[in-house]
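Novice: got a sequence here, can you model it:
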Amino acid sequence: MNLVNIFVKAIFIDNMIFAYFLGMCSYLAVSKTVKTAVGLGAAVIFVLGVTVPVNYLLENYVLKQGALSWLGAGFADVDLSFLAFIMFIAVVAAIVQLVEMIVEKFAPALYGALGIFLPLIAVNCSILGGALFMQERQYSTVAEATTFAVGSGVGWFLAIVAIAAIREKLRYSDIPKPLRGLGITFILTGLMGIAFMAFMGIKI
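Specialist: Numbers count the residues shown, from 1 in each chain. Next up, the predicted model:
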């Protein structure tokens, strides 16, 4: 039940886009069509689902004070937590490189459509945010960390696909000229963020 709670909370209450506005650059730039939004959203789910558990293991078995005690009593006082940022970023960069190679190999059309924003997942703040939230919330098991990661990815996926679907419909709408493009997108994002605040009342 706790895993369900973490999953639902990560999607609706602590949504990376609507609660924390993390990953907005990719969200705004790639949400022009649903097809590219689905591709990038799926990539973000995969990257979060892999990097957060890996970083969880890294945090708890290498970096935290006393984490290296499994190597022997002499390592019980070793504290490598000052390396957390750079190690988290290194893991994210490695996984994103893997995703980029897979997409280029098996979905070249999607790779071309996503363009520069696929490698930019490496600097998507929602990915690093997932690792830092995992560290801050001190999940007790790797299953909880993984559930949070996948839930966060699904929440980001829903956000970008929803705004992409709306933006496709907006092409046929009579929008005032100064608001066309990013202007109306920012307004819609704010309204969707307010709508998602309704989920804060969820109790599981």
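Novice: tell me how many other residues crowd I202.
Specialist: I202: 11 surrounding residues under other CB atoms under 10 Å. Quick note: C-beta positions are derived from backbone N, CA and C, even for glycine.
Novice: quick one: low-confidence parts of the protein?
Specialist: Within the chain, the stretches with pLDDT under 70 are 1, 204.
Novice: pull the contacting residues for F46.
Specialist: 99, 153 (CB atoms under 8 Å, 6 or more residues apart in numbering).
Novice: does it lie in a helix or a strand, and which?
Specialist: helix 34-58 (DSSP states H and E).
Novice: for V103, same thing?
Specialist: Using DSSP H and E, V103 maps to helix 84-106.
Novice: and the helix holding F46 with helix 84-106, angle?
Specialist: 140 degrees (axes from the mean of the first three to the mean of the last three CA atoms, to 10 degrees).
Novice: measure stretch 10-25 end to end?
Specialist: By CA to CA, to the nearest Å, the extent of stretch 10-25 from end to end equals 20 Å.
Novice: how many other residues sit next to the closest residue in space to V161 that isn't next to it in sequence?
Specialist: Leaving aside its chain neighbours, V161 sits nearest to A37 (5.0 Å; criterion: CB to CB, 6 or more residues apart in numbering). Look at A37: counted by other CB under 10 Å, it has 25 neighbours.
Novice: same thing with A73?
Specialist: By other CB under 10 Å, the residues close to A73 number 7.
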